[in-house]
Every structure is written in structure tokens, then in C-alpha cells.
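> pasting a predicted model and its sequence here:
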Amino acid sequence: MHNSVTNSELHDTRIAIEEEVDHVYERLQALEGDRECLKHSMSSINQGDKGMDLLHESLQHLRDLRDVELRIRNINDHVDEAAGN
């Protein structure tokens, strides 16, 4: 019986899955960090203007992180298209 999937293809698929799992794990860690940051921000709101300043700063950092991730995805999409994937 002939196996239509080669070992090389299986290896490539495995590597792609491992990379995706790594990416998901990194995002999970980032989200957990964001959650902790938001918890601290919410508790600091009771401190008046200082707490609001911290909250605004935290939100700006989250926006910056999102922008970086979107740029990386865009670059990866272009690389994949150029490679014919």
C-alpha cells in the first residue's frame, strides 16, 4: 500500500502546528499579563486622576501591542503569498 503523504510533508505539518501552538501560548501569556494590568488599573481608579492616567497609559500600550501584532501578521501573509503558500 502506497502512502500518499511523505515523511517530509508530515514533518512540515508538524513544524507548522508546533509554531502555531507556540504563537497561541505566547498570546495566552500576553492576555494573562493584560488581565493583571487591567486588574491593577481598575483598582487604581479609586486613586483619582493618577489612576485614570495609569489606565490611559495601559490602554495605549495594549493598542501599540495590537498594532505590532497586526503588522507582523501582514508581513507573514505577504511572505506566505510570495512563497506560494
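Alright, I've got the coordinates. Numbers count the residues shown, from 1 in each chain.

> the residue nearest to the spatial centre of the chain and residue 48, how far apart?
Note on the chain: the residue nearest the mean C-alpha position is residue 27, at 3.9 Å, using C-alpha atoms, centre = their mean. Distance of residue 27 to residue 48, computed by C-beta to C-beta, to the nearest Å: 33 Å. Quick note: C-beta positions are derived from backbone N, CA and C, even for glycine.

> also residue 77?
44 Å.

> again with residue 6
65 Å.

> kindly report the same for residue 61.
21 Å.

> more neighbours: which of the two?
Just comparing residue 61 and residue 48: by other C-beta atoms under 10 Å the higher neighbour count belongs to residue 61, 12 against 9.

> so what's the gap between the helix or strand hosting the more buried one and the chain middle?
For residue 61, the element it lies in under DSSP states H and E is helix 49-83. In terms of C-alpha atoms, centre = their mean, to the nearest Å, the centre of helix 49-83 is found 9 Å from the chain centre.

> which SS class is residue 5?
Of the three states, residue 5 takes coil under DSSP: H, G, I helix; E, B strand; the rest coil.

> how many other residues sit next to it?
8.

> same check on residue 65?
Going by other C-beta under 10 Å, the residues that sit close to residue 65 add up to 13.

> next one: residue 54
Residue 54: 17 neighbours (other C-beta under 10 Å).

> equivalent analysis for residue 76, please.
Residue 76 - counted by other C-beta under 10 Å - has 10 other residues nearby.
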